[in-house]
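# Next comes the sequence, and after it the predicted model I'd like to discuss.
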Amino acid sequence: MLGWYHHEPRGLHPNPNLTAPKIGALVSYDGGYTVFDLGIVLESGDLLDPNAKNGYFSGGHGDFSVVLDRDRRYFYFFFTNYGGPLESQGVAMARLAFADRYKPAGKVQKLYQGQWREPGIRGRVTPLFPAQREWHHLDPDSFWGAAVHWNTHLNRFVMLLNHAAGEPGWTQEGIYISFASDPADPESWSNPVRLMDPVEVDGHQSQYYPQVLGIEPEGTDTLAGKTARFFLNGTSLWEISFFSETEVREGMEPDETGDGRPIAPGDVIKSGNTIDEGTKADIGGQIETGGKTNDEPPFSQRRRGKNPRGAGTAAGVR
């Protein structure tokens, strides 16, 4: 069993709340009862900023996910770069050859200017989704914390993202989604589209860390199908469903927008999901065709309910 970890070293600055994360690897040969540290595989080479005002990080690489490509040739890392010049901050990529999985230290390569040529330790990066305002500010503007899975219904990779923007304190502007047919090609990832805004999770213990977990017997946090559980900060109150463009065009669910026509890309989603407690959540967003290289662009929809698979709750009607 292989694993990866986000490490936050202490004692880097007089301010004990500031650190600079690194990413490491580990392995277990007994199903997770014991683990062996394989070392740090991703670390920033940029100078740390002891005056950073975001409250947590003075730089570093962290808040990441790892997926194996369909050919089992490479592991792809999607991580957040919190330091260096603005043009290098944001969600970045690196990869590790599958053959090097048991000795990964020094073998990871970062994506820089379209090539996998920079070392995982102290190498440069070109972000997949660049920050718009540096992380050292009180109010950074950047995607972060990518969670990526392979979707068997869409035959695509799906990425969920946090978006910090606006007021101080890593204010969550929304949860976003992106799709790609090839994780190795930055150009294949669709522009992130907002899936959820903070109003929809008001009162929830956290508005961060979106994640999908497959509900099929083989489902994991990196493998899911048409419908899966949607988590925030380790808690799931929602289901998430994925639709191809063909399904959207054919109107797989009834249209209650009042015009009686099938749903089409570009339509506004508006759902009123009545929860058991009698509360109501109105969900707005755009149906996006996403992706650039596949002829079946995807769409996603959320359902909310307190039962494990949404049983007994109303489906979101678009």
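Looks like it arrived, so ask away.
# which residues in the stretch 51-200 of the chain form strands?
Counting by DSSP state E, counting those that start in this stretch, the stretch 51-200 of the chain has strands at residues 61-68, 74-81, 90-97, 109-112, 115-119, 129-130, 142-151, 156-164, 172-180, 193-196.
# Return the residues in contact with E87.
E87 makes contact with 127, 130 under the criterion Cβ atoms under 8 Å, 6 or more residues apart in numbering. Heads up, the C-betas are built off the backbone N, CA and C, glycines and all.
# Can you tell me how far it is from R122?
Per Cβ to Cβ, to the nearest Å, E87 is found 18 Å from R122.
# that older thread, just so I know, which of the strands of the stretch 51-200 of the chain lies nearest H6?
With Cβ to Cβ, the closest approach to H6 among the strands of the stretch 51-200 of the chain belongs to strand 61-68: 4.7 Å.
# The closest one pairs with which strands?
Here strand 61-68 has these sheet partners by DSSP bridges: strand 74-81 (antiparallel).
# show me the contacts for K22.
6-7, 9, 40, 42-44, 60-62.
# burial count for the nearest residue to A20 once chain neighbours are set aside?
Counting by Cβ to Cβ, 6 or more residues apart in numbering, G60 is the residue found nearest to A20 once chain neighbours are left out, at 3.3 Å. Counted with other Cβ atoms under 10 Å, residues neighbouring G60 total 28.
# what's the distance between G60 and P21?
G60 sits at a distance of 4 Å from P21 (criterion: Cβ to Cβ).
# shared neighbours, these two?
Common contacts of G60 and P21 (Cβ under 8 Å, 6+ apart): Y82.
# So P130 sits against G90, correct?
Yes: under the criterion of Cβ atoms under 8 Å, P130 makes contact with G90 at 4.3 Å.
# Out of the strands of the stretch 51-200 of the chain, the one nearest T227 is which?
Minimum separation from T227 across those (Cβ to Cβ) falls at strand 142-151, 10.6 Å.
# what packs against the closest one?
With contacts taken as 3 or more Cβ pairs under 8 Å, 6 or more residues apart in numbering; DSSP states H and E, strand 142-151 sits against strand 61-68, strand 74-81, strand 90-97, strand 129-130, strand 156-164, strand 210-214, strand 223-224.
# got the angle between that strand and strand 90-97?
Computed by axes from the mean of the first three to the mean of the last three Cα atoms, to 10 degrees, the angle separating strand 142-151 from strand 90-97 equals 40 degrees.
# partner strands of strand 142-151, parallel or antiparallel?
If you go by DSSP bridges, strand 142-151 pairs up with strand 156-164 (antiparallel), strand 223-224 (parallel).
# I'd like these laid out as a markdown table, including mean neighbour count and mean pLDDT.
Compiled in a markdown table, the strands paired with strand 142-151 are given as follows (neighbours: other Cβ atoms under 10 Å; pLDDT from 0 to 100):
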| stretch | mean neighbour count | mean pLDDT |
| --- | --- | --- |
| strand 156-164 | 24 | 95 |
| strand 223-224 | 22 | 96 |
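# coming back round to it: just to be sure, which of the contacts of K22 are found in strands?
Among the contacts of K22, the residues falling in strands (DSSP state E) are 6-7, 40, 42, 61-62.
# Tell me, how many residues neighbour P186?
P186 has 16 neighbouring residues, counting by other Cβ under 10 Å.
# Surely it is in contact with L111?
Yes: contact criterion Cβ under 8 Å: P186 and L111 qualify, at 6.9 Å.
# what's the overlap in contacts for these two?
Taking Cβ under 8 Å, 6+ apart as the criterion, P186 and L111 both touch 93, 128.
# ok, back up a step: can you list residues touching both of P130 and G90?
Contact criterion Cβ under 8 Å, 6+ apart; residues shared by P130 and G90: S142.
# The two - which one has more neighbours?
Under the criterion of other Cβ under 10 Å, the comparison of P130 against G90 puts G90 first, with 23 against 16.
# My guess is that one contacts A131. True?
Yes: using Cβ under 8 Å, G90 is in contact with A131, at 4.1 Å.
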